[in-house]
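[1] pasted the sequence and its predicted model underneath.
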Amino acid sequence: MRFRWWLVVQVFAAVAGLGCGGKPEAKKPAAAVAKPAPKPAVLVGSIRLEPGRELPSFDPAAMERSVLAHVKAGSQFPDVCSPAKPEDRMPVRLTPDGKLTGVMLAASEFSHSLTTPPAVHAARIRDCRLTPSMIVARVGDTLRISNETNFPMMPGVSVTSFNEALTVGSTRDVKLDKMGVQVVMCGFSAPCGRTDVVVVAHSYTAVTDDKGEFRIENFPADETVRINAWHPLFFDTFQSVRVGQGEEKRIELVLTPRPPPEPPKPVVREPGVIYPD
């Protein structure tokens with residue numbers, strides 16, 4: 001009989017979650033359910049030329065510095081390079097479906113930004129021509145200029161007066177430590193066109209590709225952000241956009257070319273006055 005009562009007590013203890021010693025057994029913690037990572041927002045789109053407008057071009061003076069006497073001014077290249085063409089001064093091109101290539105886009109008026117490691121951006125001199133025409137970088141990135149032309153070139157960056165001759169196959173690194181627009185051009189030995197380097201403080205940027213398209217990954221989600229389109233040959237334009245988390249949104253902007261610069265006014269010389277040349 002005593003054995004039967006002892007067995008009944010043990011059964012009730014097991015049902016109640018008690019061990020033979022009468023103490024509650026420790027409950028195993030429930031396995032944590034991993035939450036899915038939030039999907040990033042993505043902004044894509046294109047830029048079109050304002051209807052009825054023609055593509056603008058740089059003035060020759062905005063494309064080259066002074067060069068040696070054996071290479072005349074006016075975008076004349078050494079014999080090792082193909083002859084200069086009018087489109088060399090037109091860094092923004094029009095695709096067959098009417099979109100603009102080589103235009104910068106950058107976000108502003110957002111609440112937070114991503115931290116990304118420094119990057120290296122390549123500017124190459126090929127056939128006496130700098131490529132690409134537009135680079136967007138972050139403060140702390142590096143611009144690497146290389147010469148792939150069989151002729152010594154002397155590229156310079158607008159933020160520094162130091163020019164270094166680059167023979168074929170050689171490179172030069174420039175630290176981008178200040179925000180703003182920096183222009184790369186060549187002088188002294190031969191012209192090489194122009195590359196505009198825009199240095200900003202965040203990574204929400206892009207440049208329209210050969211198809212006139214752009215894509216900004218990890219775009220600020222769930223807030224109204226201003227997206228700006230910029231190129232020195234065009235008037236600035238912008239559009240406000242809101243992209244939800246995990247959403248990919250497409251926009252399209254329209255750019256208007258700036259008018260060409262006015263030609264310099266002729267100097268009026270008064271008779272009898274000696275003017276220094």
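    Alright, I've got the coordinates. Everything quoted here is computed from the prediction, not taken from an experiment.
[2] ok, and the closest non-adjacent residue to Leu166?
    Asn147 (3.9 Å; CB to CB, 6 or more residues apart in numbering). C-betas here are computed from N, CA, C, even on glycine.
[3] the one you found: neighbour count?
    24 (other CB atoms under 10 Å).
[4] do Ala106 as well
    Other residues close to Ala106 by other CB under 10 Å number 21.
[5] now do the contacts for the residue nearest to Leu166.
    Arg124, Ile125, Met153, Pro155, Leu166, Thr167, Val168, Gly169, Ser170, Thr171 (CB atoms under 8 Å, 6 or more residues apart in numbering).
[6] so what's it bridging to?
    Ile125 (DSSP bridges).
[7] what residue ranges in the stretch 1-150 of the chain score low on pLDDT?
    1-38, 65-76 (pLDDT under 70).
[8] what about the strands in it?
    41-49, 104-108, 120-126, 129-131, 134-138, 142-147 (DSSP state E, counting those that start in this stretch).
[9] my read is that Arg144 contacts Ile125, right?
    No: with contact defined as CB atoms under 8 Å, Arg144 does not count as touching Ile125 (11.8 Å).
[10] just want the most central residue of this protein.
    Val136 (2.9 Å; CA atoms, centre = their mean).
[11] about what we covered before: of all the strands of the stretch 1-150 of the chain, which one is nearest Thr208?
    Smallest distance to Thr208 across these (CB to CB): 5.7 Å, for strand 41-49.
[12] could I get the closest one in PDB with only the CA atoms?
    Coordinates of each C-alpha in strand 41-49 appear next as PDB, following Å, rounded to 0.1, in the frame of the first residue of the first chain:
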ATOM      1  CA  ALA A  41      15.600  50.700 -50.500                       C
ATOM      2  CA  VAL A  42      16.800  51.200 -54.100                       C
ATOM      3  CA  LEU A  43      16.500  54.200 -56.300                       C
ATOM      4  CA  VAL A  44      16.900  53.800 -60.100                       C
ATOM      5  CA  GLY A  45      16.100  56.100 -63.000                       C
ATOM      6  CA  SER A  46      17.400  58.200 -65.900                       C
ATOM      7  CA  ILE A  47      18.000  61.800 -67.000                       C
ATOM      8  CA  ARG A  48      16.700  63.300 -70.300                       C
ATOM      9  CA  LEU A  49      17.600  66.400 -72.200                       C
END
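[13] show me what counts as buried in that strand.
    Within strand 41-49, the residues scored as buried using 16 or more other CB atoms under 10 Å are Ala41, Val42, Leu43, Val44, Gly45, Ser46, Ile47, Arg48, Leu49.
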